[in-house]
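Peer 1: Using only what follows, build the 3D model:
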Amino acid sequence: MPTGSIDRRVARTRNLLQQALFKLTAEKGYAEVTVEDICRQADVGRSTFYTHYPDKDSLRKATIGEHMKTLQTRGAERHSQRNAKGFSFSGPVFEHARATREMHRALMGGKKREMPEEIRDWITSQVRCELANIQASDKGGARLEIATRFTVGAFFEVMHWWLEEDTELSPAEIDQMFLQLTFQGVNAVLADPTSVE
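Peer 2: Numbering: from 1, shown residues only. A predicted model of the protein is given here:
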């Protein structure tokens, strides 16, 4: 059998397992999902699962890792052409979320609305880095941290609502509204810190 066929079969099986994990996570939360659940949903045997992943956490980590590669690539492309009025990460993430809506619903939805730590950490680091560029002083201070947490929290809440409600708003439209709301508050605190003292 040609190597390419084996690679395609491996990729197909892993994709089935990843999609099963997303669907089940959205339905009942990651903590409640078992390897048996995943195998049943993906219609693969337990031995096949363990051929690819040693446990559920490894599947989750590999799945999020693949997802993060796409987000990081899009963010880097946007950063190279970013204007001063927006974040480099938000537009590409909204676009990717629309294209892979079910996956994002699973990542951000479910009964417990769990957000993978890897994604939250990446978004947080992007926000902190970009906000530091507009802060007047004290780049490691409390204002920067508060603005970062405010922005990250707002981003995930807007994203969750947008995906769940099936609105007609395009990725560009929701990104524009998010940026307008965010930067009005953030600029007031970071660019002119005396305004809150």
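
Peer 1: for the protein, what spans make up the helices?
Peer 2: 3-28, 35-42, 46-52, 56-80, 90-99, 101-108, 117-132, 142-165, 171-190 (DSSP state H).

Peer 1: wait, what's in contact with the most centrally placed residue in the chain?
Peer 2: The residue lying closest to the centre of the chain (CA atoms, centre = their mean) is residue 119, at 4.7 Å. Residue 119 is in contact with 64, 67, 68, 71, 107, counting by CB atoms under 8 Å, 6 or more residues apart in numbering. C-beta coordinates here come from the backbone N, C-alpha and C atoms, glycine included.

Peer 1: Tell me the one among those nearest to residue 172.
Peer 2: When these are compared for distance to residue 172 (CB to CB), residue 71 wins out at 17.1 Å.

Peer 1: Pull the contacting residues for the closest one.
Peer 2: Residues counted as contacts of residue 71 (CB under 8 Å, 6+ apart) are 89, 92, 93, 96, 119, 122.

Peer 1: could you redo the residues you listed as a markdown table and give each row pLDDT and distance to residue 52?
Peer 2: Below are these laid out as a markdown table (pLDDT from 0 to 100; distance: CB to CB, whole Å):
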| residue | pLDDT | distance to residue 52 |
| --- | --- | --- |
| 89 | 83 | 30 |
| 92 | 84 | 29 |
| 93 | 84 | 28 |
| 96 | 79 | 24 |
| 119 | 81 | 22 |
| 122 | 86 | 25 |
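
Peer 1: now these as TSV including distance to residue 19?
Peer 2: Below are the contacts of residue 71 laid out as TSV (distance: CB to CB, whole Å):
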residue	distance to residue 19
89	25
92	22
93	20
96	16
119	18
122	22
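
Peer 1: which of the residues you listed count as buried?
Peer 2: Buried residues within the contacts of residue 71, defined by neighbour count using 16 or more other CB atoms under 10 Å: 89, 92, 93, 96, 119, 122.
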